[in-house]
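# Could you look at this predicted model? Sequence included:
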Amino acid sequence: QVQLVESGGGLVQAGGSLRLSCAASGNIASIGNMGWYRQAPGEQRELVAGITSSGTTNYEDSVKGRFTISRDNAKSAVSLQMNSLKPEDTAVYYCYAHVAELRSFAGLVKYWGQGTQVTVSS
């Protein structure tokens, strides 16, 4: 079994910054892509940023230039630095990781964190 534990959400004023962190643990052989989705009330979950195991990144258009994703492969961790936050960034943020488990033939399986609330006040 694999667990993803997130931290770093909270309440911030518009223009402020937050840093989200997520660490994977458990029966891990290797990790492929990692990243972050978000889901605002009444909206579908959307991909915010992703990063491959080699460090290639991609971002949703509205966060380009404001958010930076990074990962620490040694710690099985991914982070999201969010600057110049806007009220429309308010959502529950979920980290994900594609994980190959030890002693498993299932290949890469997508695991999710529990979600962390980010609220940006105007």
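That came through, no problem.

# hey, what's the one residue sitting closest to the centre of the chain bridged with?
In the chain, the residue lying closest to the centroid (CA atoms, centre = their mean) is Trp36, at 2.7 Å. When assigned by DSSP bridges, Trp36 has beta-bridge partners Ala49, Cys95.

# Quick check: pLDDT value at it.
As predicted, Trp36 sits at a pLDDT of 98.

# thought it was touching Val78?
Yes: between Trp36 and Val78 there is a contact under CB atoms under 8 Å: 7.5 Å. Heads up, the C-betas are built off the backbone N, CA and C, glycines and all.

# Just give the nearest non-adjacent residue to the residue lying farthest from the centre of the chain, would you?
Relative to the C-alpha centroid of the chain, counting by CA atoms, centre = their mean, Arg103 is the outermost residue, at 26.2 Å. Spatially, and ignoring its direct neighbours in sequence, Arg103 is nearest to Asn27 (7.6 Å; CB to CB, 6 or more residues apart in numbering).

# for the protein, what spans make up the helices?
In the chain, no segments count as helices under DSSP state H.

# Just confirm Gly113 contacts Val92, I think it does.
No: contact criterion CB under 8 Å: Gly113 and Val92 do not qualify, at 10.1 Å.

# So which of the two has more stuff around it?
The neighbour count for Gly113 versus Val92, taken as other CB atoms under 10 Å, is higher for Gly113 (22 against 18).

# list residues touching both of Trp36 and Val78?
Common neighbours of Trp36 and Val78, counting by CB atoms under 8 Å, 6 or more residues apart in numbering, are 22, 69, 95.

# how many neighbours does the last one have?
For Cys95, the count of nearby residues is 28 (other CB under 10 Å).
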